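Engineer: Give me the fold of what follows.
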Amino acid sequence: MQIVIALFDRFTALDAVGPHQVLTHLPGSEVIFASERPRGVCDDTGTLTLVADAAFADVPVPDILLIPGGPGQAAQMGDGPLRDWLLAADKTTTWTTSVCTGSLILAAAGLLTGREATTYWLAKDELARLGAKPQDTRYVFDGKYVTSAGVSAGIDMSLALAAKIATPEVAQRIQLGIEYDPRPPFNAGSPATARPEVVAAFRTTSRFP
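Structural biologist: Now for the predicted structure:
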C-alpha cells in the first residue's frame, strides 16, 4: 500500500509529519514524501527541511495521497506540477486526503465540489467559495475524500483512516504506540473555546484573511 505525502515550499511541518507518524505504522504501508523533483523542502518556519525522495512522476498511482497545508498552499492552487499530479493520481486512489489548508488545494482542483469537507478554521469561507461544504469538525469523510481541520487534526484524521484501512484495533495500537493522549494546558485550541480576546488577537496577526 503506497501512501504519498506531497511536499511544497512553506508547508506546515506537522500537517505532513503527524500523518506520517501514524500511517507509517499501518501493516504493509510504504510512506513516501514527494515533490515536483527529489529535493529538500523547507517548511513555513524556514527552520525545518524534509527530504522528498521521489518526484511526482515517480509515484503516479498511489493508493493514498495526502496534501498538507501551510502558507505555501496559495502558490499551489493553480496550474503546476502538484495539481497535475493530484488530478492524475486521484483517478485511481483509494483515499485522497488533506490536512489543514491542503483541502483548499483539493477544492481548487475541483475535487471537493459539492462535498462535505473541513479545513483550518480561518479558511472555511475560502473552502466554501471553492465549492465545498465546510463542516465544523476535526475531520470529514465524504466518499474517498478525507479532510481534516488545522495542523494537529491531521493526527486524528490519520487514526480514523487507519481504522478504516485496517481495523479499529490496529488504529488503537498505533495511537498507544505514539502515546497520543492530548491534554493541553489550555482550552484554546478552537475559536469556539478560546477566550474572545485570544481569538481577536490571533486574527490581527494571522497570515489568513
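
Engineer: just the helices in the chain please.
Structural biologist: Taking DSSP state H as the test, the helices found in the chain are 13-23, 81-90, 102-108, 124-129, 153-165, 168-177, 196-205.

Engineer: My read is that Lys144 contacts Thr93, right?
Structural biologist: Yes - contact status for Lys144 versus Thr93: in contact at 6.7 Å, counting by CB atoms under 8 Å. In this view, the C-beta of every residue, glycine as well, is placed from N, C-alpha and C.

Engineer: how about the helices of the chain, which one is nearest Asp63?
Structural biologist: Proximity to Asp63 (CB to CB) singles out helix 153-165 among the helices of the chain, at 9.0 Å.

Engineer: Please list the outside residues in contact with stretch 20-29.
Structural biologist: 1, 3, 5, 31, 33, 64, 66, 155, 158-159, 161-162, 165-166, 170, 174, 177-178 (CB atoms under 8 Å, 6 or more residues apart in numbering).

Engineer: Narrow the residues you listed to just the buried residues.
Structural biologist: With neighbours counted by 16 or more other CB atoms under 10 Å, the contacts of stretch 20-29 contain buried members at 3, 5, 31, 33, 64, 66, 155, 158-159, 161-162, 165-166, 170, 174.

Engineer: Farthest-apart pair in the residues you listed, please.
Structural biologist: Phe33 and Val170 (23.0 Å).

Engineer: out of the buried ones among the contacts of stretch 20-29, which one sits closest to Trp121?
Structural biologist: For the buried ones among the contacts of stretch 20-29, the nearest to Trp121 is Ile155 (16.8 Å; CB to CB).

Engineer: For the nearest residue to the closest one once chain neighbours are set aside, grab the count of nearby residues.
Structural biologist: Once flanking residues are discounted, Ile155 sits nearest to Gly18: 4.3 Å by CB to CB, 6 or more residues apart in numbering. Around Gly18 there are 25 other residues, counting by other CB atoms under 10 Å.
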